[in-house]
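A.B. asks: Generate coordinates for the sequence data below:
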Amino acid sequence: MKKILIAAAILVSTSSFATTNNHSNDKGNLKSLLGNVSSVQWKSAANYEKASVLVEEQKVAVYYNTEGDLIGTTRYQDFDKLPKNALKTITKNYTYPEYSLQECISFIDNSNEKTYYVSMISESNYLVLAITEYGEVNIFAKNKR
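C.D. replies: The predicted model follows:
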C-alpha cells in the first residue's frame, strides 16, 4: 500500500503551495465529503497533507494541498471490481505466476474522476498500472526490485 500511496502522492505533488497547518474545521470538511468518519490521523508532506480516516470500517486517505483544497481520496479496491476491459488486459499481459498482484486502490480526484492503481511484482520488477474508469491500462511506474 505504501508504494501505491507514494505513487498517488507523486500525482499530487506536481505543484508547490504555501504552507498552512490549520486543521480546525477539517473534520467537518471530511464529514461533508465522506459521511461518518472516525479515527482521523493527519500527516504533512512538502506539497500535501493527508488525513487517514475510517469510513464504515474501511481505511480511506484524503489528500489536500497545503492551502486546504481537496486533491483527492484513495481507498482499497477489489481487483475483480475493476472495469472489464482492464481485467482482460491485465490478465492477458501480466499473468500469474510471472506477476503477482500486490494491491489495488481507487483514486478519486477533486473533479470526481476515478483512476485505479494496481501494483504487481515479478522476480525483477515492481509495476504500478494506472487504469481509467473506461478500462484503459497504462504503466504508471516500473522499478527494478
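A.B. asks: And the strands in this structure, which stretches?
C.D. replies: Counting by DSSP state E, residue ranges of the strands within the chain are 37-44, 49-55, 58-64, 70-76, 100-109, 114-121, 125-132, 137-144.
A.B. asks: closest to K88 out of the ones you listed?
C.D. replies: Closest approach to K88 among those is made by strand 137-144 (9.3 Å; CB to CB). Every C-beta, even on glycine, is put in place using the N, C-alpha and C of the backbone.
A.B. asks: Can you lay out the strands of the chain as a markdown table showing mean neighbour count, distance to L82 and mean pLDDT?
C.D. replies: What follows is the strands of the chain, written out as a markdown table (neighbours: other CB atoms under 10 Å; distance: least, CB to CB, whole Å; pLDDT from 0 to 100):
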| stretch | mean neighbour count | distance to L82 | mean pLDDT |
| --- | --- | --- | --- |
| strand 37-44 | 13 | 26 | 79 |
| strand 49-55 | 19 | 21 | 85 |
| strand 58-64 | 19 | 17 | 89 |
| strand 70-76 | 19 | 12 | 92 |
| strand 100-109 | 17 | 7 | 96 |
| strand 114-121 | 20 | 6 | 97 |
| strand 125-132 | 18 | 6 | 97 |
| strand 137-144 | 13 | 9 | 96 |
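A.B. asks: Reformat those strands as TSV; add distance to N85.
C.D. replies: Conversion of those to TSV gives the following (distance: least, CB to CB, whole Å):
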stretch	distance to N85
strand 37-44	33
strand 49-55	28
strand 58-64	26
strand 70-76	21
strand 100-109	15
strand 114-121	12
strand 125-132	9
strand 137-144	8
